[in-house]
Each structure stands twice: as C-alpha cells, then as structure tokens.
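Enquirer: sequence and predicted structure are below.
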Amino acid sequence: SNVTVHMRGRAILDAVIADLLTERGMETATDVVVGGCSAGGMAVYLNCDHWAESIAAANAKASVRCLADAGWFPLIPTTNDCPHGCFENQFFPSEWFNGVWQTGFSNHNASVSMHPKCLADHNASTEWLCTMPQVAAKYVKTPLFAFNSKYDAFQIPNMERCLGNATSTDKFAPCTPAQMTAWGSMLTSQVKEWLATPLAQASGHAAFLSSCYFHCGSKPTIGVVKSGEKGITGMQAFANWRTKPTNMLWDTSAPWNSSTGCGVLVP
C-alpha cells in the first residue's frame, strides 16, 4: 500500500539496554541475568553476547549470565518422525520455509542481530541459519544456561502435528510413545552436541532438560546428571550454576510417559 515499514529491532534493543544502564541502575549491578522464553528464548541465544558486551562497556564489574527458556527450536530435515519438516523447508503452514523465513530474514535486515562469526561461516543463502538456536548457541561466549522440555508442548503439536495429552475434542490426535521418545532423543542429542563444543566447555555453558510436557516456566521437574544420583529442580540447577558456570547437563533421562518427571504442576 505504498507504505514504508522501518524495522528497528536492534535499535529498540540498544535503547532498552541504554535505558537500563543509565536510568534504572544497571550500571551498578553486581549480577545480571538476561532471560527470555519461547521466541524470547530464541532471542537470548541470538543476543546474549551483545547484552554482555554492552553491559561490560558501562559496568565491567557486572557478572552477566544468560537463561534461555524453551527457546531451543530444533532444526531438522523432513523425516517420518517429523513429517512437516521442522524448520527445514517447511514449518507450520508449508509455505513458511519455501522462501518465507528467508525473505523475512532479509526484509528485517536480521543479519544486523546475528553473531558476526556465524555470518562469516555462512554464505548469503544460508546465513538465516544463524537465527536457529542450535546454530547460534555455538557462537555464544557469555555463560549460557538452556532450560528446555524435551517434550515441548508448543513444538510438538506444531511440528509433529500430534499432542502429548490429546483429548477427543482436540485438533490433533495423541502422539505415539515412539514419536515422543524420538523427539526427546533428537533434542537431547542436539543439546549434547552443543555442550561438547570447545567454546561451550570453555564458557561453562549448561542445560537442564525436563521430561515434563510444557512450554516455558520452571516447573518443579527433577533432573539428574547420572543414574542413581539425587536430582534437583531446574531452578536449583540454575541457581547453583549461576555463581560458578560449569559445563554440564541435567537430564531427566526416563523415557516418555504423560507424567514423567513433572512433579506437581504449577500454573
């Protein structure tokens, strides 16, 4: 309609950071946690280092940590276990990844907010991959804690087109145990691959993978490091990690069932 639309995401982010530093007292903070959930969790993977660098320029003494909640959206090819492609060529409506995601990336000039080294490692046709957490996370230097359900209640219905807790009135049928287990195994293997990278180990990145069927928010689920070891909640794991970031994974390793690892569900 002959209207010019100005995309100002980075400008807004920088204005918020400047406001927090100059008007809200963050320039004297001893500890800063940069967090977000879902799309905000994706934004943490993309902007963690930018936050840390911006804060350090005004407050070199601040300890900055990043907490990405439910932001690990997996990038996988079309398979029998993920019939709709899951961010590779297709996602949600099939037209999204037939050029639409890439067009959005271009129209928003989103490369401005991508990690420079990630962009350098990709060409013009693949740099949009730097928006994906499993790619972006491998470039983050600031200590980063990933909190995610292995059976995410948003991802599974929209990507698998089935539900972990379906009823007769729902749009999608119940997922089979095999579908759920395959999804959880896939996401777990991606997180393990990230944590095994030299940068993740040097930075002290960590992750807590819950077996509870939910999206966002630290449910009182229990994670264990190895079989037989006493488990702790995601909140406890993050609190312990924040003071001294250590490269590790808390994983509720039991196979899928409708109540695995959920404890008492809190709204």
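Expert: Everything's here; your move.
Enquirer: Gly9 and Cys216: what is the separation?
Expert: With distances taken as Cβ to Cβ, to the nearest Å, Gly9 is found 21 Å from Cys216. In this view, the C-beta of every residue, glycine as well, is placed from N, C-alpha and C.
Enquirer: who has more neighbours, the two?
Expert: Cys216 (19 against 14; other Cβ atoms under 10 Å).
Enquirer: what sits against the closest residue to the more buried one other than its chain neighbours?
Expert: In space, and not counting its chain neighbours, Cys216 is closest to Cys37: 3.9 Å by Cβ to Cβ, 6 or more residues apart in numbering. By Cβ atoms under 8 Å, 6 or more residues apart in numbering, the contact set of Cys37 is Asp69, Ala70, Gly71, Cys216, Gly217.
Enquirer: the first one against Phe145, yeah?
Expert: No - checked against Cβ atoms under 8 Å, the pair Asp69 and Phe145 is beyond contact range at 9.2 Å.
Enquirer: spatially central residue for this structure, please.
Expert: Gly71 (2.5 Å; Cα atoms, centre = their mean).
Enquirer: that older thread, in a markdown table: the contacts of Cys37, plus secondary structure.
Expert: Output for the contacts of Cys37, formatted as a markdown table (DSSP: H, G, I helix; E, B strand; the rest coil):
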| residue | secondary structure |
| --- | --- |
| Asp69 | strand |
| Ala70 | coil |
| Gly71 | coil |
| Cys216 | coil |
| Gly217 | coil |
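Enquirer: among these, which two are most distant?
Expert: Gly71 and Gly217 (12.7 Å; Cβ to Cβ).
Enquirer: quick check: buried residues in the helix or strand hosting Gln236?
Expert: Assignment of secondary structure by DSSP states H and E places Gln236 within helix 234-243. Of all the residues in helix 234-243, those buried under the rule 16 or more other Cβ atoms under 10 Å are Gly234, Gln236, Ala237, Phe238, Trp241, Arg242.
Enquirer: between these, which is closest to Val32?
Expert: Out of the buried residues of helix 234-243, the member with the shortest distance to Val32 (by Cβ to Cβ) is Arg242, at 10.6 Å.
Enquirer: now that closest one: how far from Leu209?
Expert: Taking Cβ to Cβ, one finds Arg242 at 18 Å from Leu209.
Enquirer: quick check: buried residues in the helix or strand hosting Leu187?
Expert: Following DSSP H and E, one finds Leu187 within helix 177-195. Buried residues in helix 177-195, counted by 16+ other Cβ under 10 Å: 179-184, 186-188, 190-191, 194-195.
Enquirer: how about the strands in the stretch 51-200 of the chain?
Expert: Secondary structure of the stretch 51-200 of the chain by DSSP state E, counting those that start in this stretch: the strands cover 63-69, 144-149.
Enquirer: thinking again about what came up before, and the residue nearest to the centre of the chain, what does it touch?
Expert: Contacts of Gly71 (Cβ under 8 Å, 6+ apart): 36-45, 133, 146, 148.
Enquirer: give me the below-cutoff pLDDT ranges for this structure.
Expert: 76-101, 166-169, 218-230, 253-255, 257-267 (pLDDT under 70).
Enquirer: before we move on, back to that, how about the strands of the stretch 51-200 of the chain in a markdown table, adding distance to Glu160 and mean neighbour count?
Expert: Shown next, in a markdown table, are the strands of the stretch 51-200 of the chain (distance: least, Cβ to Cβ, whole Å; neighbours: other Cβ atoms under 10 Å):
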| stretch | distance to Glu160 | mean neighbour count |
| --- | --- | --- |
| strand 63-69 | 21 | 22 |
| strand 144-149 | 14 | 26 |
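Enquirer: thanks a lot, catch you later.
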